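Asks: Pasting the sequence and the predicted model now:
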Amino acid sequence: MIVRTLQEAEKSERRVEDPNGNWDSVRLLLKDDNMGFSFHITTIYEGADFQMHYQNHLESVYCMSGEGEVETLDAGQNGNRKYPIKPGTVYILDKHDKHVLRAFKEMKMACVFNPPVTGNEVHNADGAYELETEENL
């Protein structure tokens, strides 16, 4: 059994800050926990407006507090769409969706990643997390 508290993890190396100042993420469950997914509590700072494109991961995001929107960046027939985010909203990036996240009020999000992250990932130039390879271990 694994037992951790958010308060303890916030004071450890499990708390990762975005170098661009948009978010911080407390990674409560990581790849080395051997669960097949990772689980994070992420704070999106008020005023954040940034693009992501998880090309290597699928993500599910549940809003616990705050307010914002997610905009799909779909060049296909559906075009771009904006979806409001408020407490109780879940959005699932099931097709490696390119998207923009905006926080009108600071948002606390519960996030699940598959495959799991290793712990210190931040977004690359494409807005993705790199996959773990032998070269970047």
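Replies: The structure has been received and is ready for your questions. Residues are numbered from 1 along each chain as shown.

Asks: Would you check that Asp32 makes contact with Arg14?
Replies: No: taking contacts as CB atoms under 8 Å, Asp32 lies outside contact range of Arg14: 11.6 Å. All C-beta atoms are positioned from the backbone trio N, CA, C, and that covers glycine.

Asks: what about the two, which has more around it?
Replies: Arg14 (20 against 10; other CB atoms under 10 Å).

Asks: Does that one touch Val26 like I think?
Replies: Yes: taking contacts as CB under 8 Å, Arg14 lies within contact range of Val26: 5.7 Å.

Asks: contacting residues for the most centrally placed residue in the chain?
Replies: The centroid of the chain falls nearest to Cys111 when counting by CA atoms, centre = their mean (5.7 Å). Residues in contact with Cys111, defined by CB atoms under 8 Å, 6 or more residues apart in numbering, are Ser25, Phe39, His40, Ile41, Thr42, Glu59, Ser60, Val61, Tyr62.

Asks: Format the CA atom coordinates belonging to the longest strand seen in the chain as PDB.
Replies: Counting residues, the longest strand found in the chain (DSSP state E) is strand 98-114. Extracted as PDB, the C-alpha positions of strand 98-114 are listed here (Å, rounded to 0.1, in the frame of the first residue of the first chain):
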ATOM      1  CA  LYS A  98      -3.700  20.100 -29.100                       C
ATOM      2  CA  HIS A  99      -5.200  22.600 -26.800                       C
ATOM      3  CA  VAL A 100      -5.000  26.000 -25.000                       C
ATOM      4  CA  LEU A 101      -5.800  26.200 -21.300                       C
ATOM      5  CA  ARG A 102      -6.800  29.500 -19.700                       C
ATOM      6  CA  ALA A 103      -7.400  30.300 -16.000                       C
ATOM      7  CA  PHE A 104      -9.700  33.200 -15.200                       C
ATOM      8  CA  LYS A 105      -9.500  32.300 -11.500                       C
ATOM      9  CA  GLU A 106      -6.800  30.000 -10.100                       C
ATOM     10  CA  MET A 107      -7.700  26.400 -10.800                       C
ATOM     11  CA  LYS A 108      -6.900  23.300  -8.800                       C
ATOM     12  CA  MET A 109      -7.000  20.200 -11.100                       C
ATOM     13  CA  ALA A 110      -6.700  16.500 -10.400                       C
ATOM     14  CA  CYS A 111      -4.800  15.000 -13.400                       C
ATOM     15  CA  VAL A 112      -4.200  11.400 -14.500                       C
ATOM     16  CA  PHE A 113      -1.500  10.600 -17.100                       C
ATOM     17  CA  ASN A 114      -1.000   7.400 -19.100                       C
END
